[in-house]
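K.L.:
Build me a model:
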Amino acid sequence: MDQVAFFLALIAGFLFGGAIVWLIQRNDVRQSYARARTEFNAEIAGLNERVRNRDDQLAELKKALEAKEHELAQVRAEPVQAAPAPPVDLEGALDPVRQSILRVSEQVAALHEAAHEERSQPRETERLQGEIAELRRCAAELEERLLEFSQRFVWIGQSLGQALDHHAEAALLLESRVKPGTRRLQGEPPLASLATAVEEQPAEM
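P.N.:
All right, here's what the predicted structure looks like:
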């Protein structure tokens, strides 16, 4: 009975330890998944905000470029007055416009390059999605293994319970068979009296 109790205590300890490990691992996996998902969502939101800001800046620069081009077209379309007038330095007047157009063109090129870099960010997004999928797969595999482990221990516990039931039934059956014989032996005369009776029989003959 002590060995059976020891085995039962050992199995209960295994079950309790397995349940604790399962709960800890499950909580850690959930926390890792929630943390990765939060970071992923925050990064995606930041990237989207940056893309929107770049798009707004690009639209504003395009409007400024169109305005400058319109001003340049108006300057070129103005008729030259026949009346004598002080000479107008058109090239000098157009230099600031040309410099502004050049700066706008450089900014547009930089924005195009930045937009191209932003479009390359989906690779990082795909990597994060892959890590999240791997975490989900590991969590499902761990949960499945722990469930199988628990089922095996339950089956072992049931088998030991059945063995204990059979042992108890056998002990009761043996006790029911031994007690009547013991009572009959207790009701008969002592062995010494039986020996005396055997010795007296030859003397009487």
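K.L.:
now the helix or strand encompassing Ala170: mean pLDDT?
P.N.:
Per DSSP states H and E, Ala170 falls inside helix 122-187. The pLDDT scores in helix 122-187 average 69.
K.L.:
got the contact list for Cys138?
P.N.:
Cys138 is in contact with Val29, counting by CB atoms under 8 Å, 6 or more residues apart in numbering. For glycine as for every other residue, the C-beta is placed from the backbone atoms N, C-alpha and C.
K.L.:
which helices and strands sit right next to the longest helix along the chain?
P.N.:
If you go by DSSP state H, the chain has its longest helix at helix 2-77. Secondary-structure packing of helix 2-77 (3 or more CB pairs under 8 Å, 6 or more residues apart in numbering; DSSP states H and E): helix 90-119, helix 122-187.
K.L.:
And for Ile24, the neighbour number?
P.N.:
When neighbours are counted by other CB atoms under 10 Å, Ile24 registers 10.
K.L.:
wait, Ala36
P.N.:
15.
K.L.:
can you check Ile156 too?
P.N.:
14.
K.L.:
same check, this time on Trp22
P.N.:
17.
K.L.:
repeat for Glu143
P.N.:
14.
K.L.:
Quick check, pLDDT for the closest residue to it other than its chain neighbours.
P.N.:
Leaving aside its chain neighbours, Glu143 sits nearest to Arg26 (6.6 Å; criterion: CB to CB, 6 or more residues apart in numbering). Here the pLDDT value assigned to Arg26 is 79.
K.L.:
Wait, Arg26 touches Glu144, no?
P.N.:
No: using CB atoms under 8 Å, Arg26 makes no contact with Glu144, being 11.8 Å away.
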